[in-house]
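Chemist: okay, predicted coordinates and the sequence, questions at the end:
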Amino acid sequence: MSGLRIGDRATLHYRLECSGRMIVDTFDAAPETFTLGMGEIDPHLEALLLGIEAGVRRVFDLGPGEAFGLRDEELLQRMPVDDFESGRILVPNAGVQFELPNGQTLNGTIIEAGPETVLVDFNHPLAGLPVRFEVQILAIEPA
């Protein structure tokens, strides 16, 4: 058996921790299933799964930027208040979503909100931080 490859469907449990804080843990819940290479999970984490066989459990301690990339100051965007849904309360730390012309969704976090502009951070919330990624592959459906 060659392990998980691009295009395979994987059923797995996983856990993400950052700086001692649990972000997500499916080990005590239902496993998740996704197709490798379809952009359903972060590409940095996806690359770690290549070649892992069903039944294997692994732990990866990833340094700052190795899991969700490095922070990019260019992803901080000051936007006009008019770009937001009318009547929406704009407060720091609130999440926002924008639908792009290609149908994809862009997620951001409000950093500051003023009467005319809003500063939004489009970096992944874990960008630039160390992450522990634990995974157990339960089943693989070959492509």
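Modeler: Thanks, I have the structure now. Bear in mind that the values here come from a model prediction, so they are computed numbers and not experimental data.
Chemist: who touches the residue nearest the centre of the chain in this structure?
Modeler: The C-alpha lying nearest the average C-alpha coordinate of the chain belongs to residue 42 (Cα atoms, centre = their mean; 5.2 Å). Counting by Cβ atoms under 8 Å, 6 or more residues apart in numbering, residue 42 makes contact with 67-68, 124. Heads up, the C-betas are built off the backbone N, CA and C, glycines and all.
Chemist: looking at the residues you listed, which is nearest residue 86?
Modeler: For the contacts of residue 42, the minimum distance to residue 86 (Cβ to Cβ) is 28.0 Å, reached by residue 124.
Chemist: burial count for the closest one?
Modeler: 18 (other Cβ atoms under 10 Å).
Chemist: the closest residue to it other than its chain neighbours and residue 4, how far apart?
Modeler: Using Cβ to Cβ, 6 or more residues apart in numbering and skipping the chain neighbours, the partner closest in space to residue 124 is residue 68 (4.2 Å). For residue 68, the distance to residue 4 (Cβ to Cβ, to the nearest Å) stands at 20 Å.
Chemist: in this structure, which ranges drop under the pLDDT threshold?
Modeler: 1 (pLDDT under 70).
Chemist: so what's the residue lying farthest from the centre of it closest to, chain neighbours aside?
Modeler: Of all residues in the chain, residue 115 has its C-alpha farthest from the mean position, at 30.8 Å, by Cα atoms, centre = their mean. For residue 115, ignoring the flanking residues on the chain, the nearest one in space by Cβ to Cβ, 6+ apart is residue 81 at 7.2 Å.
Chemist: please apply the same query to residue 95.
Modeler: In space, and not counting its chain neighbours, residue 95 is closest to residue 109: 5.8 Å by Cβ to Cβ, 6+ apart.
Chemist: now for the closest residue to residue 76 other than its chain neighbours: which residues touch it?
Modeler: Of all residues not flanking residue 76 in the chain, residue 121 sits nearest, at 5.4 Å (Cβ to Cβ, 6+ apart). Taking Cβ under 8 Å, 6+ apart, we find residue 121 in contact with 75-76, 108-111.
Chemist: isn't residue 59 up against residue 133?
Modeler: Yes. With contact defined as Cβ atoms under 8 Å, residue 59 reaches residue 133; the gap is 7.4 Å.
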